[in-house]
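**Q** I need the structure of the sequence given here:
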Amino acid sequence: MEGVSTIEGAPGLFRDGGILDYHLDIPFLPDGDGLVLYPHFYEKITPGWFDKALNRKPCNGNMENVVLVAPSKTFVKSLPYAKIPDRKDFSTFKGKDIQRKVYWKTVLEKNKQLGEEFFEAIQSGKIRQIVKPL
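**A** You can find the predicted model right below:
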């Protein structure tokens with residue numbers, strides 16, 4: 001699957017991981033030049049998410065230039081039900097649409113705050129103290 005590089009005002013190469021797999025383990029930058037910003041739900045990459053029982057680790061060579069941006073385990077535990085909302089919530093909250101929507105909106109508000117903190121860390125340079133190797 002080819003990446004998209006024609007998004008007006010957004011230089012770079014973009015891929016939709018949900019089409020291929022939710023946790024990509026590919027050579028993002030074959031020439032090795034630059035960084036790959038990888039926003040993600042989790043602090044680790046699980047290659048072959050659909051076959052996650054195989055418990056594969058990502059190829060180190062594919063992750064050399066990857067900057068993974070993900071919520072911490074502490075942040076996820078602070079969410080209602082201590083988890084990121086997912087499609088299973090439609091079953092969990094069957095017949096309880098109001099509760100499900102309140103839950104999802106609460107998580108959205110917390111994520112907005114998380115995004116503002118991330119932006120502030122970049123603007124202030126504090127990001128250098130926050131970033132850690134995988």
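**Q** can you tell me the closest non-neighbouring residue to Phe118?
**A** Closest residue to Phe118 apart from its sequence neighbours, by Cβ to Cβ, 6 or more residues apart in numbering: Val69 at 7.1 Å. All C-beta atoms are positioned from the backbone trio N, CA, C, and that covers glycine.
**Q** return the residues in contact with Glu116.
**A** The contact partners of Glu116, by Cβ atoms under 8 Å, 6 or more residues apart in numbering, come to none.
**Q** give me the pLDDT for the residue nearest to Phe118.
**A** Reading off the confidence values, Val69 has pLDDT 89.
**Q** that one contacts Leu37, doesn't it?
**A** Yes: contact criterion Cβ atoms under 8 Å: Val69 and Leu37 qualify, at 6.5 Å.
**Q** now the top helix by length along the chain: buried residues?
**A** The helix that spans the most residues within the chain, counting by DSSP state H, is helix 97-124. Within helix 97-124, the residues that count as buried by 16 or more other Cβ atoms under 10 Å are 100, 103, 107, 110.
**Q** most remote residue from the chain's center?
**A** Distance from the centre of the chain peaks at Gly95, with 29.5 Å (Cα atoms, centre = their mean).
**Q** how much space between it and Gly115?
**A** Distance, Gly95 to Gly115, using Cβ to Cβ, to the nearest Å: 32 Å.
**Q** nearest residue to the residue most central in space within the chain in space, please, no chain neighbours.
**A** Centrality entry for the chain: nearest residue to the mean C-alpha point is His40, 0.8 Å, by Cα atoms, centre = their mean. Excluding the flanking residues, the one nearest His40 by Cβ to Cβ, 6+ apart is Ala70, at 4.6 Å.
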